[in-house]
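Colleague: Give me a model of this one.
(chains A and B)
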Amino acid sequence: MLKIQSLNASVGDKSIIKSLNLSIQPGEVHAIMGPNGSGKSTLSNVITGHPDYQVTAGHIHYQGEDILEMTPDVRATKGLFMSFQYPVGLPGVTTISFLQAVMNAQRKQRQEPLVEATDLIASARVACEQVGLPAQFLHRALNKGFSGGEKKRAELLQMRLLEPKLAILDETDSGLDIDALKMVGTVVNEMRDNARSFVIVTHYPRILEYIKPDYVHVMRDGNIIKTGDAALANQLEKSGYAWLDDTTKD
Amino acid sequence: MLGLMIQQKTDPAMQIKDLITAQAQAHGFGATTAPGPMRLNAAERLQQYNLSSRRHFWTRLAMRDVLNTPVLPIAQSANSVDIASYQKKTSAIPVIFRGGCCVSPQPKANSGVEVDVLPIDTSSEQQHWSTFMANAACEITPALAAMCGQSVVNIRITASVQIELIYITDKAPSTDGYHINIDVAAGVRASIDQYIYSTESAEGSACIVSRTIKLAKDADLVDQFVGKIPAISFMQCQQVSGNERSTYRAYQALTGGKVCRQVSELILNEPQASAAVYGVGLANEKQRHDHTILVKHQASHTQSTQQVKYCVDQQALSNFTSRVYVASGVYDIESDQLNHNLLLSNQARALTAPELEIYADDVRCAHGATVGALDEQAIFYLQSRGLNLQQARATLVSGFMKDLIEVFPTAACDRAQSLVDRMLARTEGCQQD
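Modeller: Take a look at the predicted model:
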């Protein structure tokens, strides 16, 4: 589904991602862990197409297509989704009107029938319940005046309704309480199937108690320095990232 | 006169100081303190444009040229057939002004509205005219007063009604001037909708409206002005004075016009009077939108709100100048004064000066202003959800306006939103499929 080869990316003059390789198959859940500044969020943004990040070398193929020349909206239409670490507030844009706009924008590009407002409201209410967001939030400006946790729930609400093929959760667990963490796990597990993949970007193994990853990657200095299964996350929980210094030296 | 005096000086800081002092004295205030560092910076910036002051800036622009055009004889262009046709289409009571005079017939008896068209040049009306134009247009006042086709109209509202003030400018070159006194009787809840129309042949003309609005005890007036200003210059000066427990709320959404200038003086004379101005302006091409507001809290327990947003594109300019004045000895005052400007092009400009002048202690005044471009991170956020760049920009601009438009009454809100959508459809970088 996603194949990243020898990727190098920078912000301005600063090189951040360095010769990174990653392959994700349909239905897989990959966790990307690493200390602050290791390049996890940069990788998420590069995959999604943030214009501030320049790819200086390498390729990203998504469903067989090179997506590096595609704008973020084209990537989204093809099923890429990122849950933002810091979701942006949109004054004057209600959550429900935003949802209708983005869903229909994607559907229009895919030449699918557009969603009607009444149908959307019904499905959005169900999704709100699933992510633990009061339905009144549908009529509030998106992320405007939302708490940190509410913003994360609103991101999951969008993921739920947009039904992406590859979802990147960029530190969605940061700032969430235990119940909210469980909710994230529930939503991801319910959406998980043989065709949909997830990338869980996180600092902490705790979220992985609720979402069992197929692979755990550890990033440092812009590259993946170790890959393992869920046991790797447990080891990191016990020993911290310093433990990697010893193992990588070996 | 003021501008000439200032031009003779060389120190920009002193020019600003003199100007502020002169303006304050013109409003009956004492002299202001010497300008601080920010004033110096502001002065330097104005100097870059070869301008001695912000207010002087106004007088150098298109309005002066417009006013130098000949004036048509009053009432020459009135068309009774069109007006009769219009009156049948609306449930509101229309008061129609055209070609410099009021052309409406008297409303029906017992309608709750009385309209009197007065002879021109009555001394008190002339004094009123001069006072407000002086505030609005500085030294061009004498020329203005002399050249405008003037119609002086008294409107007395004694029942809860909706009135439409319709200004039609359809001849060029012309300068149509109207002076309207509006009295709202005690306890009456009324609304006024203003409309302005012109034909293509009127391009380059000007429509100038001066209004005196007096709200009696417990009166409530909603004053709406939503629409596209045609390719003429429009200037409106108004003084609103509120009696005890009166409420004045203005909702404005305006686009277009060569120059769209509003000067509002809101005087809260008696306890528990309140006044609010909610305005959005959308300017593009080389248009300029000005809004000058002076709020005078002259009684205790009074409230005022100003929320004005401009969206400025291409080479347009917005200018928000506002002062909240709280008199000595009053108490329990609340005032909000906010101006936000969104610049959509590198050549668009916004000038903003929210000012407070407070001589009392028990006062809560919030004021602020912002000028900025669209948030790149927000654009990316929307794009990452599937909106293309144009759709993302349009969504953000629309949201910026809608945030304020939502407080409008329902009908005005819908019209304002439609206005914004039409404007966005013509805005480069915001056109949607």
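Colleague: alpha carbons only for contacts and neighbour counts from here, please
Modeller: Will do.
Colleague: ok, and the residue nearest to the spatial centre of chain B, which helix or strand is that part of?
Modeller: For chain B, the residue lying nearest the average C-alpha position, counting by Cα atoms, centre = their mean, turns out to be residue B:262 (2.6 Å). Using DSSP states H and E, the secondary-structure element containing residue B:262 is strand B:259-268.
Colleague: ok, now residue B:248?
Modeller: In this structure, residue B:248 is located in strand B:247-256 according to DSSP H and E.
Colleague: For that strand, give the mean pLDDT please.
Modeller: Mean pLDDT, computed over strand B:247-256, is 93.
Colleague: same deal with stretch A:21-35?
Modeller: When pLDDT is averaged over stretch A:21-35, the result is 94.
Colleague: and stretch A:22-36, how far out from the chain's middle?
Modeller: In this view, stretch A:22-36 has its centroid 10 Å away from the chain centroid, taken as Cα atoms, centre = their mean, to the nearest Å.
Colleague: Show residues contacting the strand holding residue B:262.
Modeller: Outside of strand B:259-268, the residues within contact range by Cα atoms under 8 Å, 6 or more residues apart in numbering or on different chains are B:62-63, B:135-136, B:229, B:232-243, B:274-275, B:287-299, B:302.
Colleague: do stretch A:7-16 as well
Modeller: The set of residues external to stretch A:7-16 that reach it, using Cα under 8 Å, 6+ apart, is A:17-21, A:39, A:42, A:46, A:52-60, A:221-222.
Colleague: Centre-most residue in chain A?
Modeller: Centroid check for chain A by Cα atoms, centre = their mean gives residue A:168 as the closest residue, at 1.8 Å.
Colleague: Please tell me how far residue B:280 sits from chain A.
Modeller: In this structure, residue B:280 lies at 13 Å from chain A, with Cα to the nearest Cα, to the nearest Å as the measure.
Colleague: In the chain, what residue spans correspond to helices?
Modeller: By default, I'm working from chain A. Under the criterion DSSP state H, helices of chain A are mapped to A:40-48, A:72-77, A:95-109, A:117-131, A:148-162, A:178-191, A:230-239, A:242-249.
Colleague: Chain B, not that one
Modeller: According to DSSP H, the helices that chain B contains are B:2-7, B:12-26, B:37-48, B:54-59, B:62-67, B:80-89, B:123-137, B:141-147, B:376-383, B:389-405, B:410-425.
Colleague: before we move on, the earlier item: any of the contacts of strand B:259-268 buried? List them.
Modeller: By the neighbour-count criterion of 16 or more other Cα atoms under 10 Å in any protein chain shown, these include these buried positions: B:63, B:135-136, B:229, B:232-243, B:274-275, B:287-299, B:302.
Colleague: can you list the weak-confidence ranges in the stretch 201-350 of chain B?
Modeller: Within the stretch 201-350 of chain B, the set of residues satisfying pLDDT under 70 is empty.
Colleague: just the strands in it please.
Modeller: Per DSSP state E, counting those that start in this stretch, the stretch 201-350 of chain B carries strands over the ranges B:206-215, B:220-229, B:233-242, B:247-256, B:259-268, B:274-283, B:288-297, B:303-312, B:317-326, B:333-343, B:349-358.
Colleague: in its sheet, what does the third one sit against?
Modeller: Just to be clear, that refers to strand B:233-242. If you go by DSSP bridges, strand B:233-242 pairs up with strand B:206-215 (parallel), strand B:259-268 (parallel).
Colleague: quick check: angle from the last one to strand B:317-326?
Modeller: Strand B:259-268 and strand B:317-326 meet at an angle of 10 degrees, taking axes from the mean of the first three to the mean of the last three Cα atoms, to 10 degrees as the criterion.
Colleague: Could you do the first one as well?
Modeller: Compare the direction of strand B:206-215 with that of strand B:317-326 by the same axes, to 10 degrees and you get 20 degrees.
Colleague: Now do strand B:206-215 and strand B:247-256, the angle between them.
Modeller: Computed with the same axes, to 10 degrees, the direction of strand B:206-215 lies at 170 degrees from that of strand B:247-256.
Colleague: List of residues touching strand B:206-215?
Modeller: Contacts made with strand B:206-215 from outside it, assessed by Cα under 8 Å, 6+ apart, are listed as B:66-67, B:129, B:132-133, B:167, B:169, B:174-186, B:221, B:232-243, B:246-247.
Colleague: ok, 7 Å please
Modeller: In this structure, residues lying in contact with strand B:206-215 by Cα atoms under 7 Å, 6 or more residues apart in numbering or on different chains are B:66, B:129, B:169, B:174-185, B:232-243, B:246.
Colleague: got it, and stretch A:38-47?
Modeller: Residues lying outside stretch A:38-47 but in contact with it, judged by Cα under 7 Å, 6+ apart, are A:16-17, A:53, A:168, A:170, A:201, A:219-222.
Colleague: who in chain B is up against chain A?
Modeller: Taking Cα under 7 Å from any Cα of the partner chain as the measure of proximity, chain B contacts chain A at B:378, B:380-381, B:383-388, B:399-400, B:402-403.
Colleague: The same query, at a cut-off of 10 Å, please.
Modeller: By Cα under 10 Å from any Cα of the partner chain, the part of chain B that sits against chain A consists of B:375-389, B:391-392, B:395-406.
Colleague: What's the local residue count around residue 117?
Modeller: Since no chain was named, I'll use chain A. Other residues near residue A:117 number 13, with proximity taken as other Cα atoms under 10 Å in any protein chain shown.
Colleague: wait, chain B
Modeller: 17.
Colleague: out of everything not next to it in sequence, what's closest to it?
Modeller: When the adjacent residues along the chain are set aside, residue B:117 lies closest to residue B:153, with 4.5 Å between them (Cα to Cα, 6 or more residues apart in numbering or on different chains).
Colleague: give me the number of residues near that neighbour?
Modeller: Taking other Cα under 10 Å as the criterion, the count of residues near residue B:153 is 23.
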